[in-house]
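Colleague: Quick one, what's the 3D model for this:
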Amino acid sequence: MRLRHKPGAADQVKQNVHYVIPNPSEQKGKWKEVFQNEQPIHIEVGTGRGRFMVGMAKANPHINYIGIEKYTSVVSDALDKLIEAEVPNLKLLNVDAQKLTDFFEDGEIDRVYLNFSDPWPKVRHEKRRLTYKTFLNMYQQILKNDGEIHFKTDNQDLFEFSIMSMANYGMTMHFLSLDLHNSDFEGNIMTEYEEKFSSKGNRIYRVEAAYRN
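Modeller: Sure thing, here's the model as predicted:
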């Protein structure tokens, strides 16, 4: 993602604590109290400018969503979309996803979305990829026993790496598409990157993976 400085972004985020939850570690184990209901909780790691999560929250009011993004200027863009959409079942966190276990209790989350994550193409950087085994272990901690990871990318190398990483970790894959937009999959909500890349003719890869109990 090409970052730009957005004047006033930090102040905007601080002023909208109803949408961008401050000090999320204080809510660990209490997220259903934050949403004031017992609905399932889905999170997106690296939510970017928020198109996907706002779309999901609109389409699925029976599910609570939390978008996680470490860059404040980007969170501000997502916040603009959230305020305009007025969806009560979406919150944002302006934090680093490497600390997810600080923010969520074991088994508190029902699903993790990973959309168009940084591919970190150099071999020496593979540990930074969000589907590397250490991240898979972290997601497993916060997910329920039947929790899933839904992963999308246009990067074939990252997709192949992710499939191998998940398989080696012992996960099972019950949906896999090598060309999502030309498949019979219904209900796909695109991210900003997805629209950009697919308009250039790039294939979109997608997998749903579950941990074995």
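
Colleague: Give the buried residues for stretch 185-193.
Modeller: Residues 189-193 are the ones in stretch 185-193 that count as buried (16 or more other Cβ atoms under 10 Å). C-betas here are computed from N, CA, C, even on glycine.

Colleague: Just give me the closest of those to residue 158.
Modeller: Checking the buried residues of stretch 185-193 against residue 158 with Cβ to Cβ, the nearest one is residue 193 at 12.6 Å.

Colleague: Excluding residues flanking it in the chain, which one is nearest that closest one?
Modeller: Closest residue in space to residue 193, ignoring its immediate chain neighbours: residue 116 at 4.1 Å, by Cβ to Cβ, 6 or more residues apart in numbering.

Colleague: Among the buried residues of stretch 185-193, name the ones in helices.
Modeller: Secondary structure from DSSP state H places 192-193 of the buried residues of stretch 185-193 in helices.

Colleague: In JSON lines: the buried residues of stretch 185-193, plus distance to residue 28 and pLDDT.
Modeller: Compiled in JSON lines, these are given as follows (distance: Cβ to Cβ, whole Å; pLDDT from 0 to 100):
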{"residue": "189", "distance to residue 28": "28", "pLDDT": "96"}
{"residue": "190", "distance to residue 28": "31", "pLDDT": "95"}
{"residue": "191", "distance to residue 28": "27", "pLDDT": "94"}
{"residue": "192", "distance to residue 28": "30", "pLDDT": "92"}
{"residue": "193", "distance to residue 28": "30", "pLDDT": "91"}
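
Colleague: Tell me where the model's unsure across this protein.
Modeller: Within the chain, the segments meeting pLDDT under 70 span 1-5, 213.

Colleague: The residue nearest to residue 193: what's it in contact with?
Modeller: Residue 116 makes contacts with 46, 48, 152-154, 191, 193-194, 197, as judged by Cβ atoms under 8 Å, 6 or more residues apart in numbering.
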